[in-house]
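Chemist: model the structure of this input:
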Amino acid sequence: MKFGKEFKAQMVPEWQEAYMDYHDLKNLLKELQRLQQKNLKSPTTSFRLQRKLTLVRAFSGLTQRQNQSTTPLPTDVEIEDSLMNSEEIGDSKHYSEYMSPIFRADEGEIELLYFKRLEEELNKVVQFYKSKVEEVMTEAALLNKQMDALIAFRVKVRSPQGFVDCSVEMARLSLDVTNSTQALSATTPSAARSNRKMDSISRTVIIEEEEGVISKIVESDNVRSTENKYVEKLKITEKSSQDRKPNSIRVSRPAPLQVLEHVKMNNTLETPRSTITGCLNVPQTREMNFSRENLEKVENQLKRAFIEFYNKLRLLKSYSFMNSLAFSKIMKKYDKITSKRASKAFLKKVDDCYLGTSDKVTQLMERVETTFVKHFSNSNRRKGMKILRQKTKREKHRLTFTLDALWLKLLTGKFSGFFAGCAVSLLVSLILIIHTRDLVLLEFKHERTRYMQNMFPLYSLFGFVVLHLLMYAGNIFFWQKYRVNYSFIFGFKEGTQLGYRDVFFLSFGLSVLAQASVLSNLDLEMDPKTKSYHAITELFPLALLVLVIAILVCPFNIIYRSSRFFFLTCLFHCICAPLYKVTLPDFFLADQLTSQVQAFRSFEFFVCYYGWGDYRIRQNTCKTKDAYNAFLFIVAAVPYWCRFLQCLRRLFEEKDPMQGYNGLKYFSTIVAVSLRTAYSLNGGLVWRIAAILSSGFAAIFSTYWDLVFDWGLMQKHSKNAWLRDKLLIPYKSAYFGAMVLNVLLRLAWLQTVLNFKLPFLHTEALVTIVACLEIIRRGIWNFFRIENEHLNNVGKYRAFKSVPLPFNYDEDDEKDE
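Modeler: Numbering: from 1, shown residues only. Model prediction:
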C-alpha cells in the first residue's frame, strides 16, 4: 500500500482537516517534476543540459576549468539556514537565492510555493497538536481530583467510623502498599542496595499517589498538619524518576477523608423520575452514601473515563507520529525529484518543534497505565492493559443455538447472496402469478377484492420493513465509502455495529420468509364444502409476525443481540419521550418511524383482522368500527408526537429556539396527517380543503427544514454554490439530484387528498406504493443527514464522547454559578 493511502486510512475522521495535506504537496512535486522533464527537452533553455555539456567540454580539454562561470550548488548549511529563517523573512527572495542556480523561473515559483505550503502545514499541525495536548492535560488534572475522591471513598466504605477511627486502617493500607513496593523493588540489585539505606533517611518524605500521576514533596514534620487541611489543587508532575532526589522514601498514603466534605455525587443516570423531579424543582439530596454498591458504580464510571482518556492519548500519539512520518516522506520525494539534500534541514526543524520535542502525551500514557493497573485491575498489568488497549472485535453471537460465530460470518458473507437470489426469484414468481391472476386490477370481481382488502395489507407490513432495511444497508455502504464515522455518531459499541452485509442478510432473510408465505396462500378459491380457505395457510402472516417479534425481544445471544437491544432501548426512549434525555440515536429512530405510518396502520389491521375478523373466509368489519377508525388517527400521529416531545425536551434543556421551530414543524405535520385521515374517512369539500392546505404547509415547511438545517445545503455564499463549503461526494450533481428528488417525494403523500388514482391499480396497491416512496425518501435523507452531522464533528474536531464523572467538587459548582 502506498503511503498516501495508508496515511488517509490512519487518519482520525474528525481530525482529517488538521492533518498535513499530503496529497496537495505531492501534487505540487508532480507539477515540478513535469516542468523539469519539459525543460530537459529544450537544450537552449535547460540549465541542466548546459551544465552537462560544459562538463563534457571541460573533460575533453576544450574549455579551461578556470573560465567556467557555473554557480555551485547550495550546501546543506545554506539550505538549513534558509529553512530556519523562512518564518522570519516570509519573502520569496530567501528561497530564490539558492533555487535560482538550478531551476528556471517557473520551476522556482513552484518550489517556492511548495516550501510555503510546507511551512503552513507544519504550523497547522503544531498548533492543533499543542491545543489538544493542553486539553488532555486539563482533563488529566480533573481525573486526578476524581481519583483523590475515589481513594477517600474506598477508605470510608471500608471504615465507616470516620477519619479518626480509621487511622489504623489508613496506617495498615500504607504499610501494605509500602511492603509491596519494597518487595517489588527488591527484585533488582540496585533496589536491594538502596533498601539498606532507608533506615538512615528521615528528612524528606515523598507522599505519592499509587498511580504515579500525582507527586508532592512534603517535609516529614508537616505531614500531620497537612492531613487536616483542605486538599490542594493537584498538579501532574512532569519530572521523571531520574530527577527525583536519591535520599527519599516512596510511601503510599490514602487520600485525606476531608476531600469527601467538598465532594458531591453526580446523578448521571437519566430516569423518568429524575426528569419529573427536575421539572417540579424538587430539592434533591446528594449526600454521600458510602455503600459497596455505590463504590462499584463509581469505579465503573471512572474506569470508562480512564479508558476513553487513554484512547484519546493513543490517537493523539498516532497523530503526532503519522504527521512526522508524512513530513519525512514528502521531503524525501522532494530530494529525489530535485536532487537536493534539503530534507535533513527541514526534518531537523520538525524534530525541534513542539511536535517532536513534547513528550507529555507519552508520560501521561505511562501514568494512566500505572494508575489503571493499580486501582482497577488489582495490580495485574496484563489484565489492566488488555482492558485499556481493547482490540476491536466483532460481537460473538450465534445465529441459532448450534451455529457459532464462524458459521455466522459465512452466512452473512457468502449466504447473504444466496438469500438475495432466493428473494429475487420469489419476487419474480410472485409478480408472474399476480399478473396472470389479475389481482391488482380494479375490483370487478369479488374474490380479488377480498384478497386485496384482507391479505395484501398484512404482507405489506413486511414489505415496508424489508425496504427500510435495504435503504439502511445502502446508507451504511456509502457512509463507509465516504469515511463517515457513523458508528461514533450513533454511539455504537466497538465491534457491535452492523455492516451493510449484515443488514442485507437480515433484509433478504425476512424477504424470503415473507414471499414464501405469500406464495403459500395466494389462493382465491374457497373449499366448496366448508366455504372457507385453509386455516393453516391463512395463519402464516400472523406466525411470521410473531416470529419477528420473538427474535427482536429474544434475550439469548442470537442474531445480533446487542444491536437488537440497542434498537429496543432507543425505541423505548422514543415512546417515553420526553422523560429521557434526547440523544442522536433516539431522535434519528423517531424520524425513521415517521416514515413508517402505513406500517403502523398495517399492524393495527393485524390486530383487528385476527382478533375480530373471520380470517377463515377472509372477511373483516374493521373499517366499520369506531375504535378502529379512532386508532387510525392515533397510530398516524404517535411517531410525530414523540418527535415533537423530543424537540420540547431539547428546547427546555438547551434553550435553543431552533428546537422550538423544529417542534412546530412536527406539530404542523400532526395536524396535516389528522386532517388527511379525517378526509379519507368522512369525505366532503370542507375536509378536503383543510387537508390540502395543512398538507401543503407541512410539506413546504418540512422540505425547507430538510434541505437547509438537516442537510446544511442551500447556502448561497458557500464555496459550492447553493450547497455547502464541505462536500464528501465529489459530484455536485448528486446533491442537486437529491434535493429535487426530496421535493418530489415529499409531494407524493398529497395523493391521499388529491384523489389521484390509476385505472390499472387497486387502491391498496396505490397506497402501498406511496408509502414505499416515502421510505425511499427517508433513506436518501438518512445519508445526507449523517453526512452533515459528521462534517459538523469534523469542523469542531469532536472525535470522542464525553464520559460523565461520578464526583463533583464544590469549587466546580461555584464556577458554574
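Chemist: from here on, just use CA atoms for contacts and neighbour counts.
Modeler: Will do.
Chemist: CA-only coordinates of stretch 318-334 in PDB, if you can.
Modeler: C-alpha atoms of stretch 318-334 as PDB (Å, rounded to 0.1, in the frame of the first residue of the first chain):
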ATOM      1  CA  SER A 318      -0.700   8.400  16.500                       C
ATOM      2  CA  TYR A 319      -1.500  11.900  15.100                       C
ATOM      3  CA  SER A 320       2.000  13.100  16.000                       C
ATOM      4  CA  PHE A 321       3.700  10.000  14.600                       C
ATOM      5  CA  MET A 322       1.800  10.000  11.300                       C
ATOM      6  CA  ASN A 323       2.300  13.700  10.600                       C
ATOM      7  CA  SER A 324       6.000  13.400  11.400                       C
ATOM      8  CA  LEU A 325       6.300  10.500   9.000                       C
ATOM      9  CA  ALA A 326       4.300  12.300   6.400                       C
ATOM     10  CA  PHE A 327       6.800  15.300   6.500                       C
ATOM     11  CA  SER A 328       9.700  12.800   6.200                       C
ATOM     12  CA  LYS A 329       8.100  11.100   3.200                       C
ATOM     13  CA  ILE A 330       7.300  14.300   1.300                       C
ATOM     14  CA  MET A 331      10.800  15.700   1.900                       C
ATOM     15  CA  LYS A 332      12.400  12.500   0.600                       C
ATOM     16  CA  LYS A 333      10.200  12.900  -2.600                       C
ATOM     17  CA  TYR A 334      11.400  16.400  -2.900                       C
END
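Chemist: would you mark the buried spots in it?
Modeler: 319-320, 322-324, 326-332, 334 (16 or more other C-alpha atoms under 10 Å).
Chemist: among those, which ones are in helices?
Modeler: Per DSSP state H, helices hold the following members of the buried residues of stretch 318-334: 319-320, 322-324, 326-332, 334.
Chemist: ok, so of the buried residues of stretch 318-334, who is nearest S460?
Modeler: Y319 (50.3 Å; C-alpha to C-alpha).
Chemist: what pLDDT is listed against that closest one?
Modeler: The per-residue pLDDT reported for Y319 equals 95.
Chemist: most widely separated two among the ones in helices among the buried residues of stretch 318-334?
Modeler: Applying C-alpha to C-alpha across those, the maximum distance is between Y319 and Y334, 22.6 Å.
Chemist: now the stretch 201-350 of the chain, which segments are flagged as low pLDDT?
Modeler: 201-256, 268-269, 282-287 (pLDDT under 70).
Chemist: quick one, helices of it?
Modeler: Using DSSP state H, counting those that start in this stretch, the helices found in the stretch 201-350 of the chain span residues 223-227, 272-279, 292-338, 343-352.
Chemist: what's whichever strand or helix holds Q659 packed up against?
Modeler: If you go by DSSP states H and E, Q659 is part of helix 657-682. Other elements packing on helix 657-682 under the criterion 3 or more C-alpha pairs under 8 Å, 6 or more residues apart in numbering; DSSP states H and E are helix 626-654, helix 685-705, helix 751-754.
Chemist: try it again with 7 Å
Modeler: With contacts taken as 3 or more C-alpha pairs under 7 Å, 6 or more residues apart in numbering; DSSP states H and E, helix 657-682 sits against helix 626-654, helix 685-705.
Chemist: thinking again about what came up before, and which of the buried residues of stretch 318-334 is nearest to Q16?
Modeler: Y319 (10.0 Å).
Chemist: quick check: the closest one vs I489, distance?
Modeler: 21 Å (C-alpha to C-alpha, to the nearest Å).
Chemist: can you check Y704 too?
Modeler: 24 Å.
Chemist: same check on S274?
Modeler: Separation of S274 from I489 (C-alpha to C-alpha) stands at 26 Å.
Chemist: likewise E135?
Modeler: Distance of E135 to I489, given as C-alpha to C-alpha: 22 Å.
Chemist: M288 now?
Modeler: Computed as C-alpha to C-alpha, the M288 to I489 distance reads 34 Å.
Chemist: of these two, who's got more company?
Modeler: Ranked by neighbour count (other C-alpha atoms under 10 Å), M288 and I489 place I489 first, with 17 against 13.
Chemist: now do the contacts for the more buried one.
Modeler: Taking C-alpha atoms under 7 Å, 6 or more residues apart in numbering, we find I489 in contact with no residue.
Chemist: can you pull the phi/psi pair for it?
Modeler: In terms of degrees, to the nearest 10, the main-chain angles of I489 are phi -60, psi -40.
Chemist: which positions in stretch 541-549 come out as buried?
Modeler: 541-542, 544-545.
Chemist: C574: neighbour count?
Modeler: Other residues close to C574 by other C-alpha under 10 Å number 26.
Chemist: got the angle for the helix or strand that contains it vs helix 626-654?
Modeler: Element membership of C574 [criterion: DSSP H and E] is helix 561-575. Here the directions of helix 561-575 and helix 626-654 differ by 90 degrees (axes from the mean of the first three to the mean of the last three C-alpha atoms, to 10 degrees).
Chemist: what's the following helix or strand after helix 561-575?
Modeler: Heading C-terminal from helix 561-575 (DSSP H and E), you reach helix 584-594.
Chemist: not counting its own residues, what contacts that next one?
Modeler: Contacts for helix 584-594 (C-alpha under 7 Å, 6+ apart): 490, 570, 573-574, 639-640, 642-643.
Chemist: so which of the residues you listed wins on neighbours?
Modeler: Counting neighbours by other C-alpha under 10 Å, R643 comes out on top of the contacts of helix 584-594 with 28 neighbours.
Chemist: mind listing what that residue touches?
Modeler: Counted by C-alpha under 7 Å, 6+ apart, R643 has contacts 587, 590, 666.
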